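S.K.: The sequence isn't on hand, but the structure is:
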């Protein structure tokens with residue numbers, strides 16, 4: 001009787017929910033929210049470029065198939081199984097290209113994405129029992145799987161340590177504090193440890209064993225009183241660290257110290273730019289990826305040092321990594337988001353690289369490649385191209401100006417800088 005009562009909650013839950021519901025909800029969240037958030041993250045990572053590309057609204061159509069005659073038809077999971085097809089849908093993205101003060105936008109198909117059966121973008125979504133039977137679907141089928149080449153496939157959930165929270169443990173380096181800072185695809189561990197001389201060191205990305213006080217000063221927290229106030233836990237260790245690096249009075253001195261310790265070479269401007277880039281992009285990226293986040297990063301490091309110093313004094317302050325509170329499960333939507341983020345980033349980089357190569361090296365694509373393109377963006381820069389632009393705008397076609405053949409293409413856009421453009 002007692003055992004039966006213990007199972008009441010489980011039985012009631014299963015009466016209203018399926019075991020795969022969490023995966024379907026995760027995939028729906030990826031389609032409805034995360035996919036657009038990824039586009040915004042990618043836009044933030046591509047800045048200060050000669051040719052700037054921005055990703056706008058992303059749209060996903062219903063699963064379909066392109067037949068041999070070029071026509072498109074809606075596909076259901078049953079048809080995908082019978083014809084050994086992948087149950088997928090096309091993904092469209094609005095791409096905006098900016099060059100030399102000019103802008104052009106267009107919606108293009110960037111690829112296809114597998115669709116989870118019974119998700120919000122599945123063609124069987126919202127169907128009743130009779131409609132499902134008419135489409136050769138079992139009404140009791142809960143979904144939650146993909147169909148790849150006619151075979152049913154599932155995504156195995158993965159277990160990982162929770163991101164953006166500190167883990168304190170004893171290791172080979174003695175007592176260490178580690179935080180897995182995650183922002184989108186970035187997941188960078190940041191570690192605080194102590195040397196035999198009592199110097200607190202910070203390690204992240206390629207910067208290894210950098211004094212934590214120096215990092216805080218490089219982030220703008222330069223006064224010892226401000227650092228002590230941020231840590232708010234005075235002891236001999238903190239006093240030793242503050243005294244050791246008291247000679248560093250401004251962020252530039254601290255950045256130069258980091259560069260010297262890390263072996264970064266170049267002119268002073270190049271060194272400072274590289275250090276700033278690493279501090280902004282790779283140090284605690286979940287806080288921010290630009291210079292406006294430096295003050296908050298410095299305060300966060302101060303709080304982490306406070307926790308580390310307290311853990312030194314109290315052996316009970318340790319993190320149990322196996323505790324459920326410190327674990328996270330990645331469902332299908334999380335895993336799909338990781339894949340989409342990586343592949344969309346690669347696509348945008350490739351497009352940007354190709355356009356920059358055309359603009360800088362004046363390298364032109366083959367006629368075969370141009371003819372197959374749905375849309376052509378012609379980038380022109382430099383006063384030496386003024387006569388070519390003038391002829392192109394006249395609408396005539398001549399062998400002397402090969403680019404003039406683009407008038408025969410149905411969708412061509414010409415972006416010129418001020419030096420190459422003429423109104424006459």
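M.R.: Everything's here; your move. Computed from a prediction, not measured in an experiment: that's the story for all the values here.

S.K.: May I have the beta-bridge partners of residue 99?
M.R.: Beta bridges link residue 99 to residue 51, residue 102 when assigned by DSSP bridges.

S.K.: Quick check: the gap between it and residue 144.
M.R.: 45 Å (C-beta to C-beta, to the nearest Å). No exception for glycine: its C-beta is placed from N, CA and C like everyone else's.

S.K.: Residue 401 too?
M.R.: 58 Å.

S.K.: low-confidence ranges in this structure?
M.R.: Applying pLDDT under 70 to the chain flags the ranges 1-6, 46-49, 100, 185, 358-373, 395, 399-400, 405, 407-410, 422-424.

S.K.: And the chain, split by domain according to the record?
M.R.: 18-157+332-348, 166-328, 365-424 (automatic domain parsing).

S.K.: any chance of the ones you listed in TSV, plus distance to residue 9 and mean neighbour count?
M.R.: What follows is the domains of the chain, written out as TSV (distance: least, C-beta to C-beta, whole Å; neighbours: other C-beta atoms under 10 Å):
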stretch	distance to residue 9	mean neighbour count
domain 18-157+332-348	15	16
domain 166-328	18	17
domain 365-424	55	14
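
S.K.: can you put those in a markdown table and add distance to residue 356?
M.R.: Compiled in a markdown table, these are given as follows (distance: least, C-beta to C-beta, whole Å):
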| stretch | distance to residue 356 |
| --- | --- |
| domain 18-157+332-348 | 5 |
| domain 166-328 | 19 |
| domain 365-424 | 9 |
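
S.K.: Which stretches in the stretch 1-150 of the chain count as helices?
M.R.: 2-6, 8-16, 21-29, 35-45, 77-82, 129-134 (DSSP state H, counting those that start in this stretch).

S.K.: Put together JSON lines for those helices, with distance to residue 257 on each row.
M.R.: Listed next are those as JSON lines, based on distance: least, C-beta to C-beta, whole Å:
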{"stretch": "helix 2-6", "distance to residue 257": "61"}
{"stretch": "helix 8-16", "distance to residue 257": "57"}
{"stretch": "helix 21-29", "distance to residue 257": "44"}
{"stretch": "helix 35-45", "distance to residue 257": "28"}
{"stretch": "helix 77-82", "distance to residue 257": "60"}
{"stretch": "helix 129-134", "distance to residue 257": "67"}
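
S.K.: and of these, who's closest to residue 259?
M.R.: In this view, those are compared for proximity to residue 259 by C-beta to C-beta, and helix 35-45 is the closest at 23.5 Å.

S.K.: Just want the angle from that closest one to helix 21-29.
M.R.: Using axes from the mean of the first three to the mean of the last three C-alpha atoms, to 10 degrees, the inter-axis angle of helix 35-45 relative to helix 21-29 is 50 degrees.

S.K.: now for helix 35-45, which elements pack on it?
M.R.: strand 51-60, helix 332-361 (3 or more C-beta pairs under 8 Å, 6 or more residues apart in numbering; DSSP states H and E).

S.K.: Kindly calculate the angle that it makes with strand 51-60.
M.R.: Using the same axes, to 10 degrees: helix 35-45 against strand 51-60 is 180 degrees.

S.K.: hmm, back to that, next, format the helices and strands packed on helix 35-45 as JSON lines and append distance to residue 126.
M.R.: Output for the helices and strands packed on helix 35-45, formatted as JSON lines (distance: least, C-beta to C-beta, whole Å):
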{"stretch": "strand 51-60", "distance to residue 126": "16"}
{"stretch": "helix 332-361", "distance to residue 126": "20"}
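
S.K.: can you tell which of these is closest to residue 253?
M.R.: strand 51-60 (34.2 Å).

S.K.: now the closest one and helix 332-361, what's the angle there?
M.R.: Using the same axes, to 10 degrees: strand 51-60 against helix 332-361 is 150 degrees.

S.K.: For strand 51-60, name the packing helices and strands.
M.R.: Packed next to strand 51-60, using 3+ C-beta pairs under 8 Å, 6+ apart, are helix 35-45, strand 88-99, strand 102-114, helix 332-361.

S.K.: need the ones you listed in a markdown table with distance to residue 198, can you?
M.R.: Formatted as a markdown table, the helices and strands packed on strand 51-60 follow (distance: least, C-beta to C-beta, whole Å):
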| stretch | distance to residue 198 |
| --- | --- |
| helix 35-45 | 38 |
| strand 88-99 | 52 |
| strand 102-114 | 53 |
| helix 332-361 | 40 |
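
S.K.: now for these, which one comes closest to residue 418?
M.R.: Per C-beta to C-beta, nearest to residue 418 of the helices and strands packed on strand 51-60: strand 102-114, 10.0 Å.

S.K.: now that closest one, how far from the centre of its chain.
M.R.: 18 Å (C-alpha atoms, centre = their mean, to the nearest Å).

S.K.: Next: stretch 174-184.
M.R.: 19 Å.

S.K.: Likewise for stretch 167-182?
M.R.: 25 Å.

S.K.: got the end-to-end distance for that stretch?
M.R.: Criterion C-alpha to C-alpha, to the nearest Å; first-to-last residue distance in stretch 167-182 is 14 Å.

S.K.: give the contact list for residue 375.
M.R.: Neighbouring residues of residue 375 by C-beta atoms under 8 Å, 6 or more residues apart in numbering: 106, 108, 411, 412, 413.
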